[in-house]
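>>> sharing a model that was predicted from the sequence below.
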Amino acid sequence: MGVQPVLAGDLTFIDLSDLLQFLNSDAKSGVIRLFSLYVEKPGCIYVLDGNPIDAFWDGKRGEEALYSFFGWGEGRFEFTVETFPEDRRIQKTTMAIILDALKRLDEGLIEKIGPIQFSGDKMRDDAGRIQLPVVRGPAFADYLYLADEESFKSGDCIIEQGRHGNWLWVVLDGVVEMRQKTPDGDAVVARVGRGAFVGSLSSLMRLEHPRSASFIAENDVLLGVIDTRQLTMDLGSLSSEFLNLIYGIENRLVMIAERAVALKYGDPPMGGLSENIKPVIRQGDRVSKFFSVEAGNAYIIQTVGGKKMLLGTLGPGDFIGRLPMFKHIHEPNVAAVFASPDLKLSIQDKDALMAEYETIPSIIKNIMEYTSVCLSVMTDLASRDIL
């Protein structure tokens, strides 16, 4: 049995600089192990008397590896007290390392690892066009689901909006644009990169489900073709409640993409809704229950600077509330839920859904994670009218 960690946590709560300072303050010795969905291999730091003396990750060692870890925006850590080689490859003190790392981050010398990647330090390119961030998925390691690989040249159409099909790909290299049809032609509503999925699980289970967006290769792209036969079998073993959860999160992504385009082309912020509708969940509330919409409509409304904006409308089969696996869902952190007069909700068993989530294949978990991150980014861009 391995050594049990004496300290563990989330890097979004305690980042690496805070962790190193904490260990340095008490001159602790041990091993830090770092994990992230967005890298294939964990990282490791040897700490002696409060100072890092060596680090390892993905073929890198010493300072090169250690500085890389400061770019991990999401992940978790474990600290164990155990023996390790005390060969000192890193000579700098903890504080010198932290200050140097922060400077390197500011200068763009450390790659940022996480679900969102910006192309540079400017929101617009030299031609004045918006540079949307690239949304990435978790590091792909489900090679048993990989049936083939396909290459696409810049400008090639991978999926056309409105067409039917159930092909599903994962981006292995390059960037793909997600586009929505508008009165002025196609508009880019998202850019997705390595680990992102092109296509949806809904298209596998609902044959009448048309493609909700076009996907175009922004540059030379390498895609992994997912074995949909195996994935369809996996989906078929899930409960109807969990399948509705998957459909719900994918439906929200379609909803916010369409709403972002509508807002860009002058649709009123509240979409013509009455101001007298009543809230079910207020923005910022603590929410313990999880609901399914049985009848009527629920309106997702965000308030920023005292102004309300309709993000979308949910209907029967959609969900309302928050589950631990969805870090990036709308309510209650960034939006409220309002009810139509005929809205009917049923309470769902959160514990049963979470227990089932723990048993599903990692590829389905990764698709759900990627979809929720993409939803969060698109919501932020839509609410700021950045398209």
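Right, received. Where do you want to start?
>>> would you confirm that Asp87 contacts Ile53?
Yes: between Asp87 and Ile53 there is a contact under C-beta atoms under 8 Å: 7.5 Å. (C-beta placed from N, C-alpha, C; glycine too.)
>>> more crowded one of those two?
Ile53 (20 against 8; other C-beta atoms under 10 Å).
>>> and that one, what is it in contact with?
Contact partners of Ile53, counting by C-beta atoms under 8 Å, 6 or more residues apart in numbering, are 46-47, 86-90.
>>> can you rerun that using 7 Å?
46, 86, 88-90 (C-beta atoms under 7 Å, 6 or more residues apart in numbering).
>>> ok, Leu235 next?
So Leu235 contacts 201, 204-205, 243 (C-beta under 7 Å, 6+ apart).
>>> give the helix, strand or coil label for Ala96.
Under the three-state scheme (DSSP: H, G, I helix; E, B strand; the rest coil), Ala96 adopts helix.
>>> let me see the ranges of the strands in the stretch 101-250 of the chain.
116-117, 134-135, 146-152, 157-159, 169-173, 176-182, 185-192, 197-198, 214-217, 221-226 (DSSP state E, counting those that start in this stretch).
>>> which helices and strands does the third one pack with?
If you count contacts as 3 or more C-beta pairs under 7 Å, 6 or more residues apart in numbering; DSSP states H and E, strand 146-152 packs onto strand 221-226.
>>> out of the contacts of Ile53, which sit inside strands?
Judged by DSSP state E, those include Tyr46 as members of strands.
>>> check the offset of whichever helix in the chain runs longest from the chain's centre.
Longest helix in the chain by number of residues (criterion: DSSP state H): helix 240-264. Distance, stretch centre to chain centre, for helix 240-264: 14 Å (C-alpha atoms, centre = their mean, to the nearest Å).
>>> buried ones in it, by neighbour count?
For helix 240-264, the neighbour count (16 or more other C-beta atoms under 10 Å) marks 242-264 as buried.
>>> and for the residue nearest to Thr232 when sequence neighbours are not counted, the neighbour number?
Distances taken as C-beta to C-beta, 6 or more residues apart in numbering put Leu204 closest to Thr232, at 5.1 Å, once the chain neighbours are dropped. If you count neighbours by other C-beta under 10 Å, Leu204 ends up with 20.
>>> Pro316 too?
12.
>>> tell me the SS of it?
Taking three-state DSSP, the label given to Pro316 is coil.
>>> for it, list the residues it contacts.
So Pro316 contacts 293-295 (C-beta under 7 Å, 6+ apart).
>>> same check on Val280?
So Val280 contacts 298, 320, 337-339 (C-beta under 7 Å, 6+ apart).
>>> can you give me phi and psi for Glu356?
According to degrees, to the nearest 10, the main-chain angles of Glu356 amount to phi -70, psi -40.
>>> was I right about it contacting Ser240?
No: using C-beta atoms under 7 Å, Glu356 makes no contact with Ser240, being 11.2 Å away.
>>> distance between the helix or strand of the chain with the lowest mean pLDDT and the chain's centre?
None of the helices or strands of the chain scores lower by mean pLDDT, DSSP states H and E than strand 116-117, at a mean of 80. Offset of strand 116-117 from its chain centre (C-alpha atoms, centre = their mean): 9 Å.
>>> could you measure Leu245 against Asp318, distance?
10 Å (C-beta to C-beta, to the nearest Å).
>>> still on that earlier bit, format the strands of the stretch 101-250 of the chain as TSV; extra columns: distance to Ile14 and mean neighbour count.
TSV is the format used below for those (distance: least, C-beta to C-beta, whole Å; neighbours: other C-beta atoms under 10 Å):
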stretch	distance to Ile14	mean neighbour count
strand 116-117	20	18
strand 134-135	25	22
strand 146-152	35	14
strand 157-159	40	18
strand 169-173	31	21
strand 176-182	34	20
strand 185-192	29	19
strand 197-198	30	22
strand 214-217	37	22
strand 221-226	34	21
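>>> wait, which of those strands is closest to Ala101?
strand 116-117 (18.6 Å; C-beta to C-beta).
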